[in-house]
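*Asks:* Structure here, sequence nowhere to be found:
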């Protein structure tokens, strides 16, 4: 499996609407994903508005998982995202997540608010995935892919032993 992580700063949260028109809204944190897109974007703007001088309001992360040898469903992808976000320590950020799931390729789009609910700020100097983030992603994927519940091949092998 080939993994890539791209991180870009964004100046506003209008990109959420663009993503929602193309991909499956999957999850969020510190927001209600059942609200309208306008309300969700307003929630992001309200939180980032607590830091009025802030120019780059958010971080857009695109995670690509290519040549996956098993078919993963939305629930499996949610587990990967949750493990990854906790692993990199960004679980305290407001975010919204979209999936583009194909048979052997998965694209995970995440918009993070740079302002935490406590008013702290994530520095954009840290953008650009490093080897630790790739290791966290690899481990997050392994926890799901190597679990017999998600992997029919491992289910068959476990039955035979």
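*Replies:* Okay, I see it. Bear in mind the structure is a predicted one, so any value in this text is a computation, not a measurement.
*Asks:* tell me the mean pLDDT for stretch 61-72?
*Replies:* For stretch 61-72, mean pLDDT is 90.
*Asks:* cool, stretch 47-56 as well?
*Replies:* 92.
*Asks:* Please apply the same query to stretch 109-128.
*Replies:* Stretch 109-128 comes out at a mean pLDDT of 91.
*Asks:* Tell me the buried residues in that stretch?
*Replies:* 109-116, 122, 124 (16 or more other CB atoms under 10 Å). C-beta: built from backbone N, CA, C; applies to glycine.
*Asks:* helix or strand for the residue lying closest to residue 107 once chain neighbours are set aside, which one?
*Replies:* Once flanking residues are discounted, residue 107 sits nearest to residue 100: 4.0 Å by CB to CB, 6 or more residues apart in numbering. Using DSSP states H and E, residue 100 falls within strand 95-101.
*Asks:* Show residues contacting that strand.
*Replies:* 16, 19-20, 22-31, 33, 40, 44, 72-74, 77, 81, 85, 106-113 (CB atoms under 8 Å, 6 or more residues apart in numbering).
*Asks:* residues contacting residue 104?
*Replies:* Shown in contact with residue 104 (CB under 8 Å, 6+ apart): 66-69, 71.
*Asks:* will you turn the buried residues of stretch 109-128 into a markdown table that also has secondary structure and distance to residue 141?
*Replies:* Output for the buried residues of stretch 109-128, formatted as a markdown table (DSSP: H, G, I helix; E, B strand; the rest coil; distance: CB to CB, whole Å):
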| residue | secondary structure | distance to residue 141 |
| --- | --- | --- |
| 109 | strand | 17 |
| 110 | strand | 15 |
| 111 | strand | 21 |
| 112 | strand | 20 |
| 113 | strand | 25 |
| 114 | coil | 26 |
| 115 | strand | 29 |
| 116 | coil | 26 |
| 122 | coil | 24 |
| 124 | helix | 26 |
